[in-house]
Each structure stands twice: as C-alpha cells, then as structure tokens.
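A.B. asks: A structural model of the following input is requested.
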Amino acid sequence: MADDHEIMREGMCALLKKRSDIEIVGQAADGREAVQKVSELAPDIVIMDIGMPNLNGIEATRQMVLDNPKLKVMALSTHSDGTIVAKMLKAGASGYMLKESAFAELMEGIDSMIDGETYLCTKIARVIFNDYVNMLTNPKWTGTDGLSSREMEVLQLVAEGRTTKEIAKMLSVSVKTVDSHREHIMEKLGIHNIAGLTKYAVREGLTNP
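C.D. replies: Below you'll find the model as predicted:
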C-alpha cells in the first residue's frame, strides 16, 4: 500500500485485512520507498497513489513493472484527467480507480487484475472513452507532453523545491546532467521559470500542490 497520507494507508490496510485471502506485506509513504519495498518484498499487487513526494506514482510504477512484469498495480488517485490516466496505464498499471470510489469496487478491481484483466472504475472508463473519441476525430490531439521518464522525474523534484545538487545526488547523476534535463524540459514545455514548471507538475499529477 503506497500513499503519502498515513491515515489513508492505515484505513485502506484495515479494510483490506478483512479479506482472508489478502495479506498486507508492506506500506510506503513516497514513490522511492515504494520501489525499494517492492524490490525487497516482491508483492503480487501494489495499490499506488499517484501524487507522492520524491517520486510520483507514475514513474514508481514504471520502475516497478520494468523490474517485475508480473506485478499488478492499481492506481488509486483523486486525478481523473485523461492524460494522467493514460500515463499511468502506459507506465504499466493494471487498474485505475478514484479515491471517491466505493471499497467494494476496489475489491472488484483487485479480483479483475488477479484474473489478468485491466480494471477501470466507471468514471475513469468514461474519461478514457471520451479521449479515444477525441483522438479519432482530431488527428492533432495527442494527450502527451513529450517528456521522457527521467525528465518527468527531474521535473517533479524541481517542482518540490529540490536544488540541482540534491537532485543529482538522489538520481546518482552529475549536476551537469540535471541542468541539461532541466533545459530540455523547459524547451519542450515552453516554460522558462520554476513557478511555471511547478504549476505544470501539479496540473499533470506529478506532485501535490
């Protein structure tokens, strides 16, 4: 269970423990911790919040699934924007639900993922359908921003107020490399100040306000 709000984590774990066939093997409060614990504990399923500090749920999911293709990740988020949903599914998530959904629907989603199916709650399924229609009717519509996974990772850390040296240390790269990523991000997005990058990161669900 990966969520940066302790009350949310504990509450979800308490509900999940009511099912005799579910065992909670670990909890994580940020994306990097989640990736580390998944590597150590090898769970079958991860329930993943998207807007987490240090490493957002999208990139954390990508890294987890890359290391363990059989892992099932259920995104549990407040974000219903089609672009964010698409990024999460592209990262390898097997399901996407809104936190406003009923617990019974989460159980249904977990069972569907265990059976090898992709599960979307009703509202998210509607969003995806509408975006698909937009793609068919508007050839110029893409729903993407062109950023690489590493660029999105750097963008999140910049938006969270990390210095270049701190980012370089966290990602085990040089300061020059971080500066290069930041320049590419600004060029691709057409945003040339930290405030603008922060607003963009919040809007895209990479970090919380």
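A.B. asks: Check which element follows the helix or strand of the chain with the lowest mean pLDDT along the chain.
C.D. replies: Using mean pLDDT, DSSP states H and E, the weakest-scoring helix or strand in the chain turns out to be helix 122-137, at a mean of 69. Downstream of helix 122-137, the next assigned helix or strand under DSSP states H and E is helix 149-159.
A.B. asks: What helices and strands are in contact with that next one?
C.D. replies: If you count contacts as 3 or more Cβ pairs under 8 Å, 6 or more residues apart in numbering; DSSP states H and E, helix 149-159 packs onto helix 57-67, helix 164-171, helix 175-189, helix 194-203. In this view, the C-beta of every residue, glycine as well, is placed from N, C-alpha and C.
A.B. asks: Taking helix 175-189 as reference, get the angle to that helix.
C.D. replies: Relative orientation of helix 149-159 versus helix 175-189 (axes from the mean of the first three to the mean of the last three Cα atoms, to 10 degrees): 100 degrees.
A.B. asks: any idea of the angle helix 149-159 forms with helix 164-171?
C.D. replies: For helix 149-159 against helix 164-171, the angle by the same axes, to 10 degrees is 130 degrees.
A.B. asks: What residues of helix 149-159 count as buried?
C.D. replies: For helix 149-159, burial by neighbour count (16 or more other Cβ atoms under 10 Å) applies to 151-159.
A.B. asks: do stretch 112-120 as well
C.D. replies: Result for stretch 112-120 [16+ other Cβ under 10 Å]: buried residues 112-113, 119-120.
A.B. asks: likewise stretch 191-203?
C.D. replies: Going by 16+ other Cβ under 10 Å, stretch 191-203 has these buried residues: 191, 197-198, 200-201.
A.B. asks: Kindly state the domain boundaries assigned to this structure.
C.D. replies: 6-137, 149-203 (automatic domain parsing).
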